[in-house]
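J.: What follows is a protein structure lacking sequence information:
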C-alpha cells in the first residue's frame, strides 16, 4: 500500500535549473548574480569556528532582523528570515491558506508557486497575463470571485523582467480579499530612476507581504536566505508559530548580516548588472532578438523573428557550453530567458549567438 | 479582519530552551553536545569562500547522501537531508498525513510534535507512557483504532533517556497501519553494548522512517542538519516533491560531510559523554536525586525525595548561572532534565546542588 497522500502522489516536483559541475560552462540559466558577495562575507567566514556551531542558533535571527529593520525604517517584528525565499512562499501557504482553498497567480510566473499549491492541497486560480505580460485589469475581481486566500505576484516579473508600478500593486491589494504576497526576488536590480518602492503599501494595506532574497542581489544563492516584510499581524504567526524552530542556522545569520551591512558593495554590483543589461539588450536587438524591457538581472528574449527556433538556439548554445533557460510551454517557447552575466560572459554569449544565427 | 488560518490563530508556538547570550552560564538545558565538532569542520570552514556561495547549492545534497549511504550500507535514494531534524518531522506530516487526519504520539515526548500537528491541522492521538515511561502494550492497536496516519516515537526516549529495543519497535511497526517515524536524535549516545540497531527494520517494514541529526552527536546544533532514512518509496516523495527546493545550503553540505566522515572523532565524543553520564548518574543518586537509566546525553532526575522541589532546584541553579530544563506539567514537574556536560560543568552542577540541598 502507499502511505503517501494522494495529492503528493499525483503531483510533479519542482524542476531545478541545470547546475553543471564542470568549470567551463557559462551559467546564464538560473539568474544568479554574476558577482560574488561582499568581501565582508569572506571576513565573516574566517571569523567562524566549528565550536561556534555547537549550540543552537539565535532562534529568531534577531540581529539580522534588527539590521533589516534599521535599513527599511521599520521595527524587527515586521521581519521573518527564511531558508531562501522558497521557505517564505511555503510559509505563506501554511499560514494563510486552508487546505482545499484557493491560491491565485498571474501566469506565466515562478513555477514553484504551482508546486507549493499542489503540496498544500490548494486549488490554483490562474489569470493569464496579456500581451507584453500586462496584468489583466480585472485580476483582483477574478481572484475574489474564486475565493482566493493568497495571491503571489512576482515584481519585477519573472520570466519577462517587466516592472509593475507600486500604485498598480496598491490598487490590487486594496481590492483583494486575501493576502497579497509581492515576490521581490529581483527588486535590487530595478533602476533607481524608476522610483519603485512597494514598502509604503504596508502602511496602507493590512494584507500585503513583501518577499526579498539574498540569493540574487547579494550573491548568496548558495546560502539560502530570504525574508518577508509585513505587518506584525501577518509576520507574527509565521515568526512564532509556523516556521520551523531554528530555521536559520548560525552561519547564515552571520554571513547574511555581513552581506547586508555592506550596502555600498551590493549596490555597486546592482549597477554593474544594470549597465550590462542595457548593453546586452541592445546587442541582442541588433541580432534580431529583441528582449522585453527588464528591471531584473535577466532578459526574456523573443526569438520569433530569428532564423532558428528558441529551442534550437538553446541547444546550440548548450553545445557551446553556454546555458540559458528555455521554457517548453505554448506561451513561452518562442523566448529564451538569459541571465545577465559578467561582461566577458555576455561577450561569449553574443559570439556564440553570432555563429548560430 | 484576520487573514490567519483559525488553527494557527488558536495554537501556541514551540517554546525554545533558554539561550543566554552571556558567556558564564553553564547550559545543561538543551542537550547540545558538550564537545565541539570535528577539527575537520574547522578545516572545511577555512576552505570556503564567499564566491562559492554565489551559485545555488547541489539541489539534493548528493555528496552527503552518498556518504551516508556508504556508512549505513544503503543506497542514496534511502536518504533525504533536512534543515535540522525539525524539518524532517514537518515533512513527515506534509507527505503522509491528510489535513484533519490523525497523528499519534506516546506521551510525554518532544513537544514540537504537538506544534507540528497543530500547524498541519492534524488531530493528536495521545497514549500515556506507563510507570518508568514504558510503552503501553496496546499502543499500536490504539493508534490504528483512531486511524492514525503517522506515529512519532523518539528512541532513546526524551525526556526520560530510556531505550526501547529494536524488537519492540519492530512489533509496533508491524502492527501499525500508518507510517512509524523513529526519532533517533540521541542514538549516537547509546552504549554499543546495548546492541541497539533499528536500521534492519527498514528491510522488514515498508512503513518505517528513521530520523537522525547532526545537532547532538556531531556537535552541530548551530548548523541545522538532519536526515531521514527509509525505503525509497517513502523517501522519494520527500526528496523530489515536498521539501523546499535547495533546502540544504552549500555550507551545511560541506561542513556536514566533513563532520560525518570523521567518525573516529565523533565516536570519541560519544564515549566521553557516556562515561560522564555514568559518573553523573551515580553522583546525582548519591545526593538523593536518582535519574532514569539513560542512553542519551541527558538525565531525567527525580527530585521527589529531595528537600526542595524540582521547580525550586531549577530556580536555585539558574541563580548560580546553571541552566537545566524544568517542565511544568503534572507528569514531569517532579523531574529535572539535565544535559550531560563536560567534566568541569558537571562538577560545577554538583557543587551547586550541594549548596541547594
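T.: Structure received. On a predicted model such as this, the values are computed, not experimentally measured, just so you know.
J.: from here on, contacts and neighbour counts on C-alpha atoms
T.: Fine.
J.: Could you pull out the buried residues of stretch A:222-233?
T.: Along stretch A:222-233, these residues count as buried under the neighbour rule (16 or more other CA atoms under 10 Å in any protein chain shown): A:222-232.
J.: likewise stretch A:55-69?
T.: A:55-62, A:64-69.
J.: so which of these are also by chain B?
T.: A:55-59 (CA under 8 Å from any CA of the partner chain).
J.: Take those and write them to CSV, including secondary structure and pLDDT.
T.: Below are those laid out as CSV (DSSP: H, G, I helix; E, B strand; the rest coil; pLDDT from 0 to 100):
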residue, secondary structure, pLDDT
A:55, coil, 95
A:56, coil, 95
A:57, coil, 96
A:58, coil, 96
A:59, coil, 96
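J.: residues touching residue A:120, list them.
T.: By CA atoms under 8 Å, 6 or more residues apart in numbering or on different chains, the residues touching residue A:120 are A:93-94, A:99, B:94.
J.: from those, which single one is nearest residue A:278?
T.: Comparing these against residue A:278 with CA to CA places residue A:93 closest, at 36.5 Å.
J.: gap between that closest one and residue A:118?
T.: 11 Å (CA to CA, to the nearest Å).
J.: Check residue A:220 too.
T.: On the measure of CA to CA, residue A:220 and residue A:118 end up 28 Å apart.
J.: who has more neighbours, those two?
T.: residue A:220 (34 against 22; other CA atoms under 10 Å in any protein chain shown).
J.: re the thing from before, so which of the buried residues of stretch A:222-233 is the closest to chain B?
T.: residue A:222 (4.2 Å; CA to the nearest CA).
J.: Strands of the stretch 51-200 of chain A, residue ranges please.
T.: Under the criterion DSSP state E, counting those that start in this stretch, the stretch 51-200 of chain A contains strands at A:79-82, A:102-107, A:123-128, A:148-154, A:179-183.
J.: Now distance to chain B too, for the ones you listed, in JSON lines please.
T.: Below are the strands of the stretch 51-200 of chain A laid out as JSON lines (distance: least, CA to the nearest CA, whole Å):
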{"stretch": "strand A:79-82", "distance to chain B": "11"}
{"stretch": "strand A:102-107", "distance to chain B": "13"}
{"stretch": "strand A:123-128", "distance to chain B": "15"}
{"stretch": "strand A:148-154", "distance to chain B": "8"}
{"stretch": "strand A:179-183", "distance to chain B": "7"}
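J.: Of those, flag the one that's most buried.
T.: strand A:79-82 (a mean of 28; mean count of other CA atoms under 10 Å in any protein chain shown).
J.: next one: it to chain centre, how far?
T.: Offset of strand A:79-82 from its chain centre (CA atoms, centre = their mean, to the nearest Å): 15 Å.
J.: what does stretch A:264-275 give?
T.: Using CA atoms, centre = their mean, the offset of stretch A:264-275 from its chain centre is 18 Å.
J.: now do stretch A:159-174
T.: Using CA atoms, centre = their mean, the offset of stretch A:159-174 from its chain centre is 15 Å.
J.: contacting residues around it?
T.: Contacts for stretch A:159-174 (CA under 8 Å, 6+ apart): A:108-110, A:133, A:139-140, A:155-157, A:179-180, A:196-198, A:201, A:205, A:207-208, A:292-300, A:337.
J.: Give me the phi and psi angles of residue A:9.
T.: phi -50, psi -40 (degrees, to the nearest 10).
J.: Repeat that for the one 5 residues further on.
T.: For residue A:14, the backbone dihedrals are phi -70, psi 140 (criterion: degrees, to the nearest 10).
J.: Relative to residue A:254, how far out is it?
T.: 29 Å.
J.: what do you get for residue A:54?
T.: Residue A:54 is 15 Å from residue A:254, by CA to CA.
J.: Who has more neighbours out of those two?
T.: residue A:54 (24 against 18).
J.: I'd assumed residue B:31 was in contact with the more buried one.
T.: No - checked against CA atoms under 8 Å, the pair residue A:54 and residue B:31 is beyond contact range at 10.4 Å.
J.: Let me know the closest of the buried residues of stretch A:222-233 to residue B:75.
T.: Using CA to CA, residue A:222 is the member of the buried residues of stretch A:222-233 that lies nearest residue B:75, at 25.7 Å.
J.: that's a strand at the closest one, yeah?
T.: No - if the criterion is DSSP: H, G, I helix; E, B strand; the rest coil, then residue A:222 is coil and not within a strand.
J.: related to what we said a few turns ago, now, the buried residues of stretch A:222-233 that are in strands?
T.: A:226-230 (DSSP state E).
J.: how many other residues sit next to the residue nearest to residue A:27 when sequence neighbours are not counted?
T.: Among residues not flanking residue A:27 along the chain, residue A:323 sits closest, at 5.1 Å (CA to CA, 6 or more residues apart in numbering or on different chains). Using other CA under 10 Å, the number of residues around residue A:323 comes to 25.
J.: could you pull out the helices for chain A?
T.: A:6-10, A:39-47, A:62-72, A:84-96, A:112-120, A:139-145, A:166-175, A:201-204, A:232-237, A:250-260, A:263-286, A:310-319, A:343-356 (DSSP state H).
J.: Return the distance of the longest one from the chain's centre.
T.: Right, the one you point to is helix A:263-286. Going by CA atoms, centre = their mean, where helix A:263-286 is centred and where its chain is centred differ by 18 Å.
J.: And the third one, by the same measure?
T.: Relative to its chain's centre, helix A:62-72 lies at 21 Å (CA atoms, centre = their mean).
J.: next one: the last one
T.: With CA atoms, centre = their mean as the basis, helix A:343-356 stands 26 Å off its chain's centre.
J.: how about it: buried residues?
T.: A:343, A:345-346, A:348-350, A:352-353.
J.: Same question for the second one.
T.: Across helix A:39-47, burial judged by 16+ other CA under 10 Å covers A:39-42, A:44-45.
J.: Widest-spaced pair of these?
T.: Greatest spatial distance among those (CA to CA): A:39 and A:45, at 9.9 Å.
J.: any shared contact partners between these two?
T.: In terms of CA under 8 Å, 6+ apart, residue A:39 and residue A:45 are both contacted by the residues residue B:50.
J.: can you list the residues that contact stretch A:60-74?
T.: For stretch A:60-74, contacts defined as CA under 8 Å, 6+ apart pick out A:75-81, A:239, A:246, A:248, A:253, A:256-257, A:260-261.
J.: By neighbour count, sort out the buried ones in those residues.
T.: Counted by 16+ other CA under 10 Å, the contacts of stretch A:60-74 give A:76-81, A:239, A:246, A:248, A:253, A:256-257, A:260-261 as buried.
J.: Those residues into JSON lines, with extra columns for pLDDT and distance to residue A:151?
T.: Output for the buried ones among the contacts of stretch A:60-74, formatted as JSON lines (pLDDT from 0 to 100; distance: CA to CA, whole Å):
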{"residue": "A:76", "pLDDT": "98", "distance to residue A:151": "24"}
{"residue": "A:77", "pLDDT": "98", "distance to residue A:151": "22"}
{"residue": "A:78", "pLDDT": "98", "distance to residue A:151": "20"}
{"residue": "A:79", "pLDDT": "98", "distance to residue A:151": "19"}
{"residue": "A:80", "pLDDT": "98", "distance to residue A:151": "19"}
{"residue": "A:81", "pLDDT": "98", "distance to residue A:151": "20"}
{"residue": "A:239", "pLDDT": "98", "distance to residue A:151": "20"}
{"residue": "A:246", "pLDDT": "96", "distance to residue A:151": "27"}
{"residue": "A:248", "pLDDT": "98", "distance to residue A:151": "25"}
{"residue": "A:253", "pLDDT": "98", "distance to residue A:151": "29"}
{"residue": "A:256", "pLDDT": "98", "distance to residue A:151": "28"}
{"residue": "A:257", "pLDDT": "98", "distance to residue A:151": "30"}
{"residue": "A:260", "pLDDT": "98", "distance to residue A:151": "28"}
{"residue": "A:261", "pLDDT": "97", "distance to residue A:151": "31"}
